[in-house]
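In: can't give you the sequence, but here's the structure:
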Ligand SMILES: Nc1ncnc2c1ncn2[C@@H]1O[C@H](COP(=O)(O)OP(=O)(O)OP(=O)(O)O)[C@@H](O)[C@H]1O
């Protein structure tokens, strides 16, 4: 069909050069366009944008050097390309890691290869959501600082190990107790996995985002930093203002309402696909029985 189409087109435009296009070529174009788009989005959302601007300035400088035949500069440029490439990989290691992790996070991968089946069971309940929301706003009211990391698909083992190992069910009372001033566990962050608090006093990576408000200190910087290097949802309760803030995907939303926090938590509550399929299947069977 493809060939017939191009033959007909060639008949109409005999002088035109029309290459043979197969469906694989179209798929290839779509894949490449998608990859370029993702790369552009990645560049826009990370420090890579600054790098790109730097590369452009360097490229213009080298072009001018080439036009003016400045051989020493050209020799330096030629010999430092590989060093610069390695330096870029080192500097952008967190972003590159995040990009690869994001690739593994994609739902289509887990839909085809159910690698994360175990994680499905670790989804948190609505009771956990209510406990977190209640505790955060209760702590905010009395200006008790808190930092809560709600783990998602990416395991936070390396951060978990910086704190004190715990294994207890999430409840608002436990959360309030952990962050109570002058208690051994109040400093640092807690990590919530499923319905359990797995670690307290954890040290999180600090964001080096220059755009973050100067009035925010290290607690909020740590919340943002954690959200930049993982898919976790991080909640910070300010000791200074009592405001509850939410960081996710490198974005910090300050002074959120209980409804906003609850909705954010519901959104990340892992959907149990198995249950869904079972429910659909059950519904179908029921329907079949009724129509029998
Ligand atoms: N890297 C980190 N990882 C985990 N917790 C951290 C980290 N840095 C700071 N914190 C927590 O934040 C507390 C200090 O908060 P700081 O006052 O500097 O931040 P802030 O953003 O101004 O918050 P607040 O509004 O509550 O004062 C520390 O006592 C500690 O509990």
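Out: Cool, the structure landed. Quick caveat, the model's predicted, so the values are computed rather than measured.
In: and the closest residue to the ligand within the chain, what pLDDT?
Out: Closest contact between the chain and the ligand, by C-beta to the nearest ligand atom, is at residue 217 (2.4 Å). C-betas here are computed from N, CA, C, even on glycine. If you check residue 217, the pLDDT there is 89.
In: So which residues on the chain come close to the ligand?
Out: 145, 147, 187-189, 203-204, 206, 216-220, 222, 238-240 (C-beta under 6 Å from any ligand atom).
In: try 8 Å
Out: Within the chain, the residues that sit near the ligand (C-beta under 8 Å from any ligand atom) are 145, 147, 186-189, 202-206, 215-222, 225-226, 236-241, 243.
In: Take those and keep only those in strands.
Out: Within the residues of the chain next to the ligand, residues falling in strands by DSSP state E are 147, 189, 202, 236-237.
In: Can you lay out those residues as JSON lines showing pLDDT, neighbour count and distance to residue 36?
Out: JSON lines is the format used below for these (pLDDT from 0 to 100; neighbours: other C-beta atoms under 10 Å; distance: C-beta to C-beta, whole Å):
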{"residue": "147", "pLDDT": "97", "neighbour count": "25", "distance to residue 36": "38"}
{"residue": "189", "pLDDT": "96", "neighbour count": "26", "distance to residue 36": "37"}
{"residue": "202", "pLDDT": "96", "neighbour count": "23", "distance to residue 36": "38"}
{"residue": "236", "pLDDT": "97", "neighbour count": "28", "distance to residue 36": "36"}
{"residue": "237", "pLDDT": "96", "neighbour count": "27", "distance to residue 36": "41"}
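In: Could you pick out the longest helix of the chain?
Out: helix 23-45 (DSSP state H).
In: Can you spell out which helices and strands pack onto it?
Out: Contacts defined by 3 or more C-beta pairs under 8 Å, 6 or more residues apart in numbering; DSSP states H and E place helix 23-45 against helix 48-67.
In: what about the helix it packs on, distance to the chain center?
Out: Distance of helix 48-67 from the chain centroid (C-alpha atoms, centre = their mean, to the nearest Å) equals 30 Å.
In: now stretch 151-169
Out: For stretch 151-169 - counting by C-alpha atoms, centre = their mean - the centre lies 17 Å from the chain centre.
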